[in-house]
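Asks: Give me coordinates for this.
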Amino acid sequence: MTLSTGPKIEQGASFEPWHDLDDDYRSAAGRMIEFHMMSEIFGPVQEFRWVPKAPSLEAKLIYAAKSQDEIGHGLMLMRVCQDLTGKTRAQYVEQILDGPPRFMNIFHYPWDSWADPAMVSWLIDGAEIERQATLTRSSYGPYARAMRKIVKEEGFHHHCGRYLISRMINAGPAQKREVQDSLDRWWPRALAMFGPPDAQSTHGATLMSFGLKLAGNEDLRQSWLTKFTPQIHAMGLEIRDEELGFDDETGRWSYTMPDWEEFRSLLRGGSPMGEDLQRELRDSRRANSWLLADADADADAAYA
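Replies: Numbering: from 1, shown residues only. Predicted coordinates for the structure are as follows:
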C-alpha cells in the first residue's frame, strides 16, 4: 500500500508502519508524535514534585496515579515512534536527556501553588481531551489506537482535577482566592494550548492534508470555550478576560488573543523550567544507570 504524494490523502485512509509511506508523510507524523511523546514524559516530572506537597493522602494518591499514567503514555508513544522512524529506545532516551527540550508550552511555566497542578488537570487536560479525541481517527493507525487509551485516562485526570479544585473552593475564602489566582494564571495558557490561528500555524495545513490531524486549532479552541466557560462560572470563579464573549449570530467566542510570540519562543528556545525538568531527568537516569542499562539492552533486543 503506497501513500499518495498528492496534497491531500483520501478521507478515512489509514496507514500502518509496514506500508510504503511517503517520506513527507513519515516526516510529518514523526515530528507530531515525537512532540506528543516528549510532552507525556516531561510533564510528569513537574507533576510528581507536587505529590509530597499535596494537602491530603487522597490528593497524593491521585497525583501519584496520574504521574504513572502519563509516563505510561510516553512509553507507549515511544513505541509508536520507534516503528515509524526506526530509532531505538536508547536513541530516544538520549534525545530526551540531551537534545533541546521539545514539549507543550504549559510545562515551561513554574507552578506557584498547590492549586496549579489541580488547575492544570482540570483545564489543560480538558483542553488535551478536546484535541486528542479527534486523533483517535488519525490516519496513522498505531497513533490512533494509542490515543483511545490515552483519552480515557486523560478523562480520569480531568475529573480528578475538577474534584480537587471543587474541594479547595469549598474549603474556605482563602483557598478559593488561591484557586482564582491560579485560574488567572492558567486561562491564557489554556487558550494557547491549541496553537495559533490556523493561518499562522506552521505545520497545521500539512498535518490536516495528511489526515494526521482532524480539526483546526480555532475550531478546537471554540469547542473548549463552549464547554469550559459555563463550567468555570458554575464553580463560582471569574474569567478575567475583558474580551471574552459569545456572538449569537456567528456562534463564536471572542477572547483576548494569547501572546503567540511567547508561545513560539517557548517551543523554539525552551525555558529555565524546561531546562530544570530535563536536568532532573538526567540526574534520575544517572542515579539509576546500574539498573537501566541492562533494562534498555533487554528491551531493544526483544524489540529487534
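Asks: From here on, just use CA atoms for contacts and neighbour counts.
Replies: OK.
Asks: Any regions of the protein where pLDDT drops low?
Replies: Within the chain, the ranges that satisfy pLDDT under 70 run 1-9, 292-304.
Asks: where does Asp247 fall, phi/psi-wise?
Replies: Dihedral angles phi and psi of Asp247 (degrees, to the nearest 10) take the values phi -100, psi 110.
Asks: partners of the spatially closest residue to it that is not a sequence neighbour in the sheet?
Replies: Nearest residue to Asp247 in three dimensions, chain neighbours excluded: Trp253, at 6.3 Å (C-alpha to C-alpha, 6 or more residues apart in numbering). Following DSSP bridges, Trp253 is listed with bridge partners Phe246.
Asks: Thought Gly245 was touching Trp253, still the case?
Replies: Yes. Counting by C-alpha atoms under 8 Å, Trp253 sits close enough to Gly245 to count as a contact (5.6 Å).
Asks: neighbour-wise, which of those two wins?
Replies: Shown here are Trp253 and Gly245; by other C-alpha atoms under 10 Å, Trp253 has more neighbours (16 against 13).
Asks: Give me the neighbour count for Ser289.
Replies: 12.
Asks: hmm, I was thinking of Trp18
Replies: Burial of Trp18, expressed as a neighbour count using other C-alpha under 10 Å, amounts to 9.
Asks: Spell out the secondary structure type for it.
Replies: Under DSSP: H, G, I helix; E, B strand; the rest coil, the three-state class of Trp18 is coil.
Asks: Dihedrals phi and psi, it?
Replies: With angles defined as degrees, to the nearest 10, Trp18 sits at phi -80, psi 0.
Asks: How about Phe15?
Replies: Note on Phe15: backbone dihedrals following degrees, to the nearest 10 are phi -130, psi 150.
Asks: Quick check: it touching Ala144?
Replies: No. Counting by C-alpha under 8 Å, no contact exists between Phe15 and Ala144, whose distance comes to 10.2 Å.
Asks: which one of these two has more residues nearby?
Replies: It is Ala144, of Phe15 and Ala144, that has more neighbours when counted by other C-alpha under 10 Å, with 20 against 17.
Asks: Can you show me the helices along the protein?
Replies: In the chain, the helices defined using DSSP state H lie at 23-48, 57-85, 89-98, 115-119, 125-135, 141-169, 173-192, 204-209, 217-234, 260-269, 272-287, 289-303.
Asks: And the ones you listed: which comes nearest Phe107?
Replies: Across those, Phe107 has its closest neighbour in helix 23-48 (6.1 Å, C-alpha to C-alpha).
Asks: mind listing what's buried in that closest one?
Replies: Applying a neighbour-count criterion of 16 or more other C-alpha atoms under 10 Å, one finds 25-26, 29-30, 32-48 buried in helix 23-48.
Asks: And the contacts of stretch 139-149?
Replies: Defining contact as C-alpha atoms under 8 Å, 6 or more residues apart in numbering, one finds that stretch 139-149 is touched by 12-17, 29, 33, 76-77, 80, 132-133, 135-138, 210-212.
Asks: Just the buried residues of the residues you listed.
Replies: The buried subset of those (16+ other C-alpha under 10 Å) comprises 14-15, 17, 29, 33, 76-77, 80, 132-133, 135-138, 210-212.
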